[in-house]
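A.B. asks: Quick one, structure for this:
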Amino acid sequence: MRSQTFFILFLAVFFPTFSAAQERPDWSRYFDEFDAQGTIVVVDERVESHPVWVYAEERASTRFSPASTFKIPHTLIALDAGALRDEFQVFTWDGVERSFSGHNGDQDLRSAMRASALWVYERFAKEIGEERARSYLGRIEYGNVDPSTDGGAYWVDGNLTISAHEQISFLKRLYRNELPFKVEHQRLVKDVIIVEAGPNWILRAKTGWEGRMGWWVGWVEWPAGPVFFALNIDTPNRIGDLAKREQIVRAILQSIEALPTP
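C.D. replies: Below you'll find the model as predicted:
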């Protein structure tokens, strides 16, 4: 009993969303509808109690590669470290043809974020270096704080991992400009991850795909408050499964009126 109590207290301290999470088994229908296995965490701050809803709690507490969702903190790190000057800096394409056509051309911050251009962020990582990256990750308490890799980008093929609950914690701090970076940098990053907006709401989000699994994380801003979300699913059909990330999240957010229904 004592060890169980200690474990619960540990989770409450290090994973604050865990202790308040309410399991939503009814959300299984959205995963079933799109034939997907995964998890989602939603925090609705429009409600005074800030309810935390979760489907598949065990998986929501399991760490996975952040893949391109790491472009959110990576941009902040690059700006702070001087690897990225501003949103207008142009990065010249190296001429290497890549499978995603949007990657094959010069990039600035907005296009690199929109197309999820890996090679731009690999340049940032090379300039920043592993030691400084580890220091930054520690400062923002991002996942397991491990930027080491035996080859490839450390946020895709390396050892860096993060859970859905931890994604939410990071996004909350960004939303409130509470990360250890200049406020103007945090505001810029929030601006470049806008996906769409309506008369009284804004959706800010980023996808990620590691090959075997994929993410969609972000939040919807309303006058009454933000609604945060972090989803990850398995992608056994690879590219064929990628659309499911947004489809599941949108269906769930629409069910709680956090996104307008088309």
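A.B. asks: what's the spacing between stretch 175-190 and its chain's center?
C.D. replies: 15 Å (Cα atoms, centre = their mean, to the nearest Å).
A.B. asks: Buried residues of that stretch, list them for me.
C.D. replies: Using 16 or more other Cβ atoms under 10 Å as the test for burial, stretch 175-190 gives 175, 179, 181, 185, 186, 188, 189, 190. The C-beta positions use only the backbone N, C-alpha and C, and glycine is treated the same way.
A.B. asks: do the same with stretch 26-39
C.D. replies: Result for stretch 26-39 [16+ other Cβ under 10 Å]: buried residues 27, 30, 31, 34, 36, 38, 39.
A.B. asks: Just the ones of those in helices?
C.D. replies: 30, 31 (DSSP state H).
A.B. asks: picking that back up, want to throw the buried residues of stretch 175-190 into CSV with secondary structure and distance to residue 228?
C.D. replies: Shown next, in CSV, are these (DSSP: H, G, I helix; E, B strand; the rest coil; distance: Cβ to Cβ, whole Å):
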residue, secondary structure, distance to residue 228
175, helix, 8
179, coil, 15
181, coil, 19
185, helix, 20
186, helix, 16
188, helix, 20
189, helix, 16
190, helix, 13
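A.B. asks: Closest one of these to residue 20?
C.D. replies: Nearest to residue 20 among the buried residues of stretch 175-190: residue 175, at 17.8 Å, using Cβ to Cβ.
A.B. asks: Identify the residue spatially nearest to that closest one, adjacent ones excluded.
C.D. replies: residue 226 (5.7 Å; Cβ to Cβ, 6 or more residues apart in numbering).
A.B. asks: which ones are touching the one you found?
C.D. replies: 45, 46, 175, 219, 220 (Cβ atoms under 8 Å, 6 or more residues apart in numbering).
A.B. asks: before we move on, back to that, identify, from the buried residues of stretch 26-39, the entry nearest to residue 50.
C.D. replies: Checking the buried residues of stretch 26-39 one by one against residue 50 (Cβ to Cβ), the nearest turns out to be residue 27, at 18.4 Å.
A.B. asks: and residue 109, how many neighbours?
C.D. replies: Around residue 109 there are 24 other residues, counting by other Cβ atoms under 10 Å.
A.B. asks: what residue ranges in the stretch 51-200 of the chain are flagged as low confidence?
C.D. replies: Residues of the stretch 51-200 of the chain meeting the criterion pLDDT under 70: none.
A.B. asks: What segments of it are strands?
C.D. replies: Applying DSSP state E, counting those that start in this stretch to the stretch 51-200 of the chain gives strands spanning 52-55, 194-197.
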